[in-house]
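Peer 1: generate coordinates for the sequence data below:
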Amino acid sequence: MHKYPFVAYRPERYPEDEMVKRGREFYELVDRRRSVRFFSDEPVPRECVELAVLAANTAPSGAHQQPWTFVLVGDPATKRRIREAAEVEERQNYEGGRLPQEWRQALAPLETGSDKSYLETVPWLVVCFAQKYGTRPDGTRVKHYYVNESVGIACGLFITALHTMGLSTLTHTPNPMAFLSDICERPPSERPYILFPVGYAAPDAEVPDLTRKPLDRALVSRP
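Peer 2: As a prediction, this is how the structure comes out:
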């Protein structure tokens, strides 16, 4: 007998050929996903972002604590504040020498820089915050487990949901990111994790000509 409530779980099963077909179709869908830095200013329904967050909420998490908060920003003035603060940090990275040479070399094929104008162009910014700990009604702390792993999985589902709807995004992580806590007015229990610009790719958008790791390098079989 279970000490806590449980419910029956009977996931749908498919014939093997259907399993492979569905898996291949999903792979082909997500293989078309790319990180975008050139966005359209065309409006995007708020419901699309809400559905992506609901998809993120289905992620597994340590002790089912779901240690994430997604903050939605659509106000032009707030987007400008975020862009300006992000560019201050990025100028320190790129022009101020904060990025070590090895990191610069790794980033070179992407041709990234300190200009983050797309943070104002997109209709939405979504900031994911990781909850370092929870808070009970009496103000005492609740320890959260596997925070980075849990939030990372949720963000992956968020990205995939956006792509499924025909939207684009980018995992932007200006370092340090404390300004996001101030602008988004988040409590000390949360820390910025990823800043997502969300919108349609610009009609003339370009992305680096990259190839992904082949299966024989990503998957190792052991006897």
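Peer 1: residue nearest the centroid of the protein?
Peer 2: Closest residue to the average C-alpha location of the chain: residue 155 at 4.0 Å, with C-alpha atoms, centre = their mean.
Peer 1: give the other helices and strands that the strand or helix carrying that residue contacts.
Peer 2: Residue 155 belongs to helix 147-164 when assigned by DSSP states H and E. Applying 3 or more C-beta pairs under 8 Å, 6 or more residues apart in numbering; DSSP states H and E, we find helix 147-164 packed against helix 16-31, helix 46-56, strand 68-73, strand 124-131, strand 168-169, strand 190-199. The way it works is simple: take the backbone N, C-alpha and C, and place the C-beta from them, glycine included.
Peer 1: follow-up on the earlier one: contact partners for the residue nearest to the centre of the chain?
Peer 2: Contact partners of residue 155, counting by C-beta atoms under 8 Å, 6 or more residues apart in numbering, are 56, 68, 128, 171, 193, 194, 196.
Peer 1: how close does the third one get to residue 159?
Peer 2: Meaning residue 128. Separation of residue 128 from residue 159 (C-beta to C-beta, to the nearest Å): 10 Å.
Peer 1: same thing with the last one?
Peer 2: As judged by C-beta to C-beta, residue 196 and residue 159 stand 8 Å apart.
Peer 1: list residues touching both of these two?
Peer 2: Common contacts of residue 196 and residue 159 (C-beta under 8 Å, 6+ apart): 169, 171.
Peer 1: list the contacts of the closest residue to residue 202 other than its chain neighbours.
Peer 2: Nearest residue to residue 202, sequence neighbours excluded (C-beta to C-beta, 6 or more residues apart in numbering): residue 38, at 4.3 Å. Residue 38 makes contact with 118, 201, 202, 204, 205, 206, according to C-beta under 8 Å, 6+ apart.
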